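K.L.:
Compute the structure for the input listed below.
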Amino acid sequence: MHSAASQPPSGQWLLDNGLKQLELLFRAIVYQPAEPILIADNDRNYQDASCGAAKLFGLPRDKIIGRRIDDFAEPSFRPEIGQLWRTFLERGEQQGTFRLVGSNGSVRELEYMAKGNVLPVRHVLALRDKSKQLHGVVGAGKDPERVHDYALYLFDTDGRVVAWYSGAERIYGYQGKEIIGRSISCFYSGEDAFGIKLQEELKRAVTQGHFGNERWHIKKDAARFWANVLTMALRSESGELQGFARVVRDFSERHSAEEKSRHGGVLLRQRAEESTVAGFVLGEFDHITEANDAFLHMVGYNREDLIAGHLYWPDLTPPEYSHMDEEAQEECLRYGICTPFEKEYIRKDGTRITVLATVAVLHLSPFRWITIVQITGGEGTEKISNEAEGDNFEEIVGRSAALKRILEQVETVAPTDATVLILGETGTGKELIARAVHRMSPRRDLPFITLNCAAIPTGLLESELFGYERGAFTGALRQKIGRFEMAHRGTLLLDEVGDIPLELQPKLLRALQEKSFERLGGTRTIPIDVRLVAATNRNLTQMLGDKLFRSDLYYRLKVFPVTIPPLRDRPDDIPALAEFFTRKYARKMSKRVETIPPETMRALVRWSWPGNVRELENFIERSVILSEGPALRAPLIELRTEQAEAAGGTLAEMEREYIVHVLQETGGVISAAATRLGVPRTTLNAIMQKLGISRKDF
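P.N.:
Here you go, the predicted structure:
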């Protein structure tokens with residue numbers, strides 16, 4: 001069904017040209033899901049098939065498209081199909097079962113839900129194999145109906161509806177004659193009516209070519225539903241914006257299930273009117289290049305695993321169907337699809353977890369996956385504690401006045417888009433401060449991308465930052481997306497920025513100033529919207545004098561400097577950090593280490609910690625490994641050894657002095673002294689014998 005009224009020129013252009021674009025967009029959405037979905041015309045000919053349908057039929061898509069429904073039905077069932085189809089065309093909806101003959105001759109009984117005229121003379125059939133629970137777009141529902149109706153419509157640049165189809169009538173409740181010419185603001189709640197949020201959606205669709213999101217929409221009867229929305233900007237051949245195409249699906253049931261799961265202990269916090277994003281990952285196809293802390297916690301990996309390249313989406317697809325998934329993914333990249341689908345992930349411990357993922361493909365960053373976590377139950381799944389996300393200063397532990405001043409600075413600058421330069425010695429926690437800036441900013445739900453400039457060979461750093469085109473150099477077999485593109489609309493942390501080669505600094509400065517860049521080997525200028533945070537342990541002021549760092553780049557980075565003092569200058573933070581790391585590693589190793597002896601804590605506070613928080617954390621981890629009881633057994637002798645080396649004294653003298661001191665305090669009891677020193681009793685006896693210390697002296 002199609003309705004239209006008298007239209008302005010742009011509306012007429014949409015009627016003449018927009019339908020074709022809308023159909024291409026719709027087919028791309030249907031094509032991607034894992035669930036079996038078919039598009040048929042009035043004569044029962046299949047016009048398109050999803051990846052899931054191809055797998056269900058056991059045939060390539062091109063062997064399905066162009067054939068009739070009857071061709072795949074069991075012969076005894078074929079006489080019924082004609083009458084069922086005529087009834088369906090009259091009513092516009094139908095649900096039932098039919099028997100499918102597979103490519104190998106096997107017969108299966110399928111449930112189907114048919115929705116008519118989603119587009120003119122285009123009908124959707126959603127299938128489910130009754131013999132097997134299929135997981136697809138909508139999760140583990142028993143009913144194939146759930147969200148398989150689609151509201152498709154066109155509207156002009158002023159937001160007025162110019163074309164309205166039957167799926168939209170069913171979902172929103174408006175007939176074509178009621179809605180044509182009206183503003184789409186009627187689909188939004190009163191406080192949103194064509195307000196900031198709606199205008200932002202359209203603005204992003206214009207900038208990026210398409211924009212996908214989820215939020216509440218309002219029906220004609222004032223009932224609201226959770227809408228999964230994809231809006232595409234439509235332009236004439238001259239590039240002039242003519243209007244928009246939109247596809248909307250009712251995801252209320254899925255949203256309700258997520259809410260129940262969330263309140264039952266599944267991740268994460270949610271602001272009103274926003275989608276329940278529990279974690280996100282970025283990557284080029286199967287390889288994950290970035291992930292937030294919530295996702296890492298869920299799958300049992302840490303950030304070191306991510307940096308080392310150990311995270312990827314395992315290929316669980318049977319080889320005979322893998323090419324279908326690749327084609328579906330390419331279609332996603334083409335049209336910017338925002339289609340939730342279930343995907344299984346293998347945790348680090350080998351167990352499997354099912355997540356509901358949305359490929360939110362942006363025009364400038366085509367390899368973006370935003371993962372919406374939905375724990376579906378069953379073997380290998382578990383609920384995630386809400387402690388995984390924590391507050392805005394997650395893992396920033398301490399109570400010193402110096403640390404409080406730093407956190408106040410973060411709270412001040414985070415809501416802005418100002419560039420932040422974080423200075424401090426190695427191991428002071430510069431990346432944690434950068435993450436806190438991101439979490440407290442308006443970009444908190446968008447990517448946080450990191451690049452350690454010191455860890456990348458000089459010749460490869462430019463391609464890591466800006467990416468490259470296929471054929472840009474020998475070995476460039478495909479296009480690579482750089483960190484700037486990955487961080488589009490999010491935050492980019494350039495760690496160890498002082499290690500960027502002098503010859504690369506002008507290009508970085510240009511990208512920051514002009515908010516655009518070109519990939520290596522490319523000629524197209526790519527605009528970017530990135531909030532930059534830079535960090536370094538080097539003295540950039542001295543590097544300016546030595547002509548190793550450009551002054552213009554330095555002042556571009558130093559918009560809002562934050563200096564983190566070393567741990568030796570904030571000893572008040574050491575007890576809290578020691579307790580935090582003890583709990584962390586005891587829990588990780590399944591040990592009950594509940595206390596830190598006073599003498600151990602005093603030694604920790606006295607030590608200067610040249611490696612700062614990183615050194616303290618590693619020392620506590622080693623201590624937890626050595627601990628066999630409820631008290632932390634720290635190898636304090638290591639600190640004395642390092643202190644001796646730093647002071648220039650002999651190791652034997654310092655060892656002897658310290659062991660004598662401990663033996664005096666313990667009354668010569670070897671086992672007590674060994675516990676305090678954090679070494680086995682036999683080891684202490686051997687050291688005492690070597691140093692000429694006699695137990696009789698005490």
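
K.L.:
Please make it C-alpha for all contacts and neighbour counts, starting now.
P.N.:
OK.

K.L.:
Using the record's assignment, carve this structure into domains.
P.N.:
Per the record, the chain has its domains at 36-134, 263-388, 401-565, 571-697, by automatic domain parsing.

K.L.:
Residues contacting the helix or strand that contains K507, please?
P.N.:
Using DSSP states H and E, the element containing K507 is helix 505-514. Applying C-alpha atoms under 8 Å, 6 or more residues apart in numbering, the contact partners of helix 505-514 are 516-517, 549-550, 552-553, 556.

K.L.:
Please spell out the PyMOL selection for the buried subset of the residues you listed.
P.N.:
Buried members of those, defined by 16 or more other C-alpha atoms under 10 Å, are picked up in PyMOL with:
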select buried, resi 516+517+549+550+553+556
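
K.L.:
Could you identify which of the domains of the chain has the lowest mean pLDDT?
P.N.:
Ranked by mean pLDDT, these end with domain 263-388 at the bottom, a mean of 55.

K.L.:
Extract the CA atoms of the host helix or strand of W164 and return them as PDB.
P.N.:
Using DSSP H and E, W164 sits within strand 161-165. The C-alpha coordinates for strand 161-165 follow below in PDB (Å, rounded to 0.1, in the frame of the first residue of the first chain):
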ATOM      1  CA  VAL A 161       5.900  12.400   5.600                       C
ATOM      2  CA  VAL A 162       5.600  12.000   1.900                       C
ATOM      3  CA  ALA A 163       5.200   8.200   1.500                       C
ATOM      4  CA  TRP A 164       3.700   5.700   4.000                       C
ATOM      5  CA  TYR A 165       3.500   1.900   3.600                       C
END
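
K.L.:
Show me what the mean pLDDT comes to for that strand.
P.N.:
Rounded mean pLDDT across strand 161-165 is 92.

K.L.:
Packing partners of that strand?
P.N.:
Judged by 3 or more C-alpha pairs under 8 Å, 6 or more residues apart in numbering; DSSP states H and E, the packing partners of strand 161-165 are strand 2-3, strand 107-119, strand 151-156, helix 176-179.

K.L.:
Now do the third one: distance to the chain's middle.
P.N.:
The chain centre lies 30 Å from the centre of strand 151-156; the measure is C-alpha atoms, centre = their mean, to the nearest Å.

K.L.:
Tell me which residues are up against that strand.
P.N.:
Applying C-alpha under 8 Å, 6+ apart, the contact partners of strand 151-156 are 10-11, 14, 18-19, 22, 118-119, 161-172, 184, 242-249.

K.L.:
The helix or strand following the helix holding K507 pairs with which strands, and in what direction?
P.N.:
Where DSSP H and E defines the elements, the next helix or strand beyond helix 505-514 is strand 516-517. Strand pairing for strand 516-517, determined by DSSP bridges: strand 526-527 (antiparallel).

K.L.:
circling back: CA atoms only for the helix holding K507, dumped as CSV, please.
P.N.:
Only the C-alpha atoms of helix 505-514 are listed here, as CSV (Å, rounded to 0.1, in the frame of the first residue of the first chain):
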residue,chain,number,x,y,z
GLN,A,505,54.4,15.7,14.0
PRO,A,506,53.2,18.2,11.2
LYS,A,507,50.7,15.8,9.8
LEU,A,508,49.3,15.1,13.3
LEU,A,509,49.1,18.8,13.9
ARG,A,510,47.2,19.4,10.7
ALA,A,511,44.7,16.6,11.5
LEU,A,512,44.0,18.2,14.9
GLN,A,513,43.7,21.7,13.6
GLU,A,514,41.6,20.9,10.4
